[in-house]
Each structure stands twice: as structure tokens, then as C-alpha cells.
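have a look; sequence and predicted model below, questions after that.
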Amino acid sequence: MDLDLKHILTASMLLFAVIDIVGNIPIIIDLRRKTGHIQSGKATIIAGIILIVFLFVGQSLLNLIGITVNQFAIAGSFVLFFLALEMILGITLFKEDDESPMSDASVFPIAFPLVAGPGSLTSILSLRAEFNVQNIVIAIIINMIIMFVVLKASNRIERWLGQNGIRILRKVFGVILLAIAVKIFTTGVQNIFA
């Protein structure tokens, strides 16, 4: 195993910024009010499985349609760039489908697409272009542990941070995500033309 602490930390921070589980606390609390209960463990396990399966199957899927990981990473960097703009500017560029009444929000919309959504799936393959798979799997597991803790303690976290604290956190991680998007773009371009 070729474990690299720096790569694990970078991948973990990128996924943490893209998943934005802390920034989604207001959405989680609203879903908890509507459905009565969110199964934190179920949501965490399903999201983790989706992300890890996509890490291994995503590249084969791309090969099937004739796209390299570096090309996907460049395309993904644009998605991350716009997600970062959403976080920094407080605007909505990506619109979700109309929400339908739900009895269990643990799978939809929390596990998918809130956590394992377009941004995080793109990030997984973008990271795969740069880092070893083992480091990315560890980063996914770290983020799933954080997700579980946040889902369990969402009401307490919201009271502790307050609305302003959550807004500040979203903006800070938006700037980090923007810098990482630029890094993924430049690395992808360099790898294509190398």
C-alpha cells in the first residue's frame, strides 16, 4: 500500500468541501422536521458505497465511452469551480428536481444526491487522476465518519454554530474548493499535453 498522508488530507479536504455536510445542516434539519427521523447510519453507509463503487467503476465507464480520466478531471474541475462559486457567493447554479413527499430521507435526498451527488462523483474521478486509490478510499471513509457524526449531532451543531457560523464555514470551504478546482484543472491540462 502506498499511503501518503498529504494526499489523504488533500483528498479529505476536497471531499469535505464538495459534500459540504456542515453547510447542509439547515437542509438536514428541514428534512428531519418533514420526515420525523433520519437514519444516520443508513445514509452514511449508502453514500459511502456509492462513492467507493464509483471510484472503481467510474474509470471503466469512461473508457467505455472513450474519455480519459484527465479529460474527465478537467471537466470535473469546471463543476467544482461552479460549486465553489455557489458556496462563496451564496447563489444557486445547480437546480435539483422538484422534491416529492418522502417517508425516509436517509437514502434520497441525503445519501444521494446530497452527499454522493454530481460534485462528489466528479471529485472522486478527478482525484483518481492524481492520487492512489488507497488514499482516496481512506479520504472517503474519513468523510463518511464526519457525515455520520454531523447527521447524529445536526441539531446541536446548528445551535452551536448559528446561522452566521454556518455561512462563514461555507464561504471558507468555497475558497478552498475553488483553489483545488484550479489545481485539478492545471494538473489535468499538463497531463494531457505531457
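Okay, I see it. Only a predicted model underlies this, so the values are computations on that prediction, with no experimental measurement involved. Residues are numbered from 1 along each chain as shown.

now do the buried residues in the lowest-mean-pLDDT helix or strand in the chain.
Lowest on mean pLDDT, DSSP states H and E among the helices and strands of the chain sits helix 25-35, with a mean of 78. Judged by neighbour count using 16 or more other C-beta atoms under 10 Å, the buried positions of helix 25-35 are 25, 27-28, 31-32. C-beta coordinates here come from the backbone N, C-alpha and C atoms, glycine included.

helices or strands up against the biggest helix by length in the chain?
Secondary structure of the chain per DSSP state H: the longest helix is helix 154-193. The helices and strands touching helix 154-193, judged by 3 or more C-beta pairs under 8 Å, 6 or more residues apart in numbering; DSSP states H and E, are helix 5-19, helix 25-35, helix 69-89.

of those, give the one that comes closest to residue 50.
With C-beta to C-beta as the criterion, residue 50 lies closest to helix 5-19 of those, at 11.8 Å.

distance from that closest one to the middle of the chain?
With C-alpha atoms, centre = their mean, to the nearest Å as the basis, helix 5-19 stands 10 Å off its chain's centre.

try stretch 136-145
11 Å.

which residues does it contact?
The contact list for stretch 136-145 (C-beta atoms under 8 Å, 6 or more residues apart in numbering) reads 3, 8, 11-12, 14-16, 19, 21, 44-45, 47-48, 51-52, 55, 124, 127-128.
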